[in-house]
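Chemist: Output the structure for:
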Amino acid sequence: MIQDNELKLVIGAGEYHNNHGWIHTEEDELNLLDLQLWKHQFAENSITAILAEHVWEHLTYEEGIEAAKICYTFLKPSGYIRCAVPDGFFQNEAYQRIVQIGGPGPKDHPAASHISVYNYKILKTMFETAFFEVKLLEYCDENGEFHCHHWNGKDGVIFRSKKYDSRNQGDQLSFPSLIIDAIKIAT
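Modeler: Numbers count the residues shown, from 1 in each chain. All right, here's what the predicted structure looks like:
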């Protein structure tokens, strides 16, 4: 578990400030693809944890790898990215319309800037390409079956999850996320 005095960062915090004691940032403050901005604000190997809830779907696959590599540079050994994206394998037509590339409708809808829809295989490969070890926390498989492995909110709360989203309580799953921990391997 991470300690209170460690550097913990939320990328694209938006309206969700579920992580007390974390630094909450927006794209204009800390762009995932701007290495110089990261260098200006952080030392290499200085960040314990990065949380990105529904951010990576706004990047292409190649940009996702590049962003992961930048994060890798600034994470401490054994540090991690807790990443959540819409789940491309969740078998619900209404959900897939909302999370689809380009979004469901108006240009001002947050999903209008979705560039990618990921499933666990693609997201896992993306982060492994950037040298991370990946642990799947919540995801649907190719058959739409939901899998959930124990994870601790003290290590980063993902609001849009089975664990914390009121839409997903009980046996009904309405708005899940594909959630991973991408861990920087200690060398």
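
Chemist: For the residue nearest the centre of the chain, give me its contacts.
Modeler: The chain has Cys83 as the residue nearest its centroid, 2.0 Å off, counting by C-alpha atoms, centre = their mean. Each residue near Cys83 by C-beta atoms under 8 Å, 6 or more residues apart in numbering is listed here: 52, 55-56, 123, 127, 179-182. For the C-beta atoms, the positions are set from N, CA and C on the backbone; glycine is no exception.

Chemist: For the residues you listed, name the two members farthest from one another.
Modeler: The two members of these with the most space between them (C-beta to C-beta) are Val55 and Asp181, at 15.0 Å.

Chemist: Which residue ranges of this protein form helices?
Modeler: Secondary structure of the chain (DSSP state H): helices located at 35-41, 61-74, 93-99, 120-129.

Chemist: re earlier: which residue sits closest to the residue nearest to the centre of the chain in space, ignoring its chain neighbours?
Modeler: The shortest distance from Cys83 to any non-neighbouring residue, by C-beta to C-beta, 6 or more residues apart in numbering, is to Ala52 (4.9 Å).

Chemist: For this protein, which segments count as strands?
Modeler: Using DSSP state E, the strands of the chain run over 8-11, 23-24, 47-53, 75-86, 132-140, 146-148, 177-184.

Chemist: Which one of these lies nearest to Asp108?
Modeler: Closest to Asp108 of the strands of the chain, according to C-beta to C-beta: strand 75-86, at 18.5 Å.

Chemist: Let me see the residues that make contact with stretch 9-23.
Modeler: Contact with stretch 9-23 is made by 4, 7-8, 24-27, 30, 32, 47, 49-55, 58, 110, 156-157, 159, 164, as judged by C-beta under 8 Å, 6+ apart.
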